[in-house]
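here are the coordinates; sequence isn't available:
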């Protein structure tokens, strides 16, 4: 059985640069991998990836600003806010050919 991949081609140069920078960051890659299949809190991401919590918060903000992460929230029984994060992408493909950079997102 063949599955169709939904993709999104990035056209704007600044967005391409941002995606390539995210792709080059080991923490961003680890976080995206951690939240690819199920939403997780920052505490869960930190525990799984061993990335410091402050770094996870900063990278989540970067991923959110670039529309690569979906955020959902809830209020716990003791009244605390809990945010869950899930990757909107399953992969990022890039190529550089004859001076042209192509970046395409594989949607989750």
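That came through, no problem. On a predicted model such as this, the values are computed, not experimentally measured, just so you know. Residues are numbered from 1 along each chain as shown.

Show me what residue 75 is bridged to.
residue 81 (DSSP bridges).

Which pLDDT value belongs to residue 75?
At residue 75, the model reports a pLDDT of 83.

so the residue located most distally from the centre of the chain is in which element?
For the chain, the residue at maximal distance from the C-alpha centroid (C-alpha atoms, centre = their mean) is residue 78, at 29.3 Å. When elements are assigned from DSSP states H and E, residue 78 belongs to no helix and no strand.

quick one: it and residue 57, what's the gap?
21 Å (C-beta to C-beta, to the nearest Å). (Glycine included, C-beta is placed from N, CA and C.)

Now do the strands in this protein.
7-10, 69-75, 81-87, 89-97, 100-107 (DSSP state E).

Now these in TSV, please, with extra columns for mean neighbour count and distance to residue 30.
Shown next, in TSV, are these (neighbours: other C-beta atoms under 10 Å; distance: least, C-beta to C-beta, whole Å):
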stretch	mean neighbour count	distance to residue 30
strand 7-10	14	22
strand 69-75	12	13
strand 81-87	16	11
strand 89-97	13	14
strand 100-107	14	18
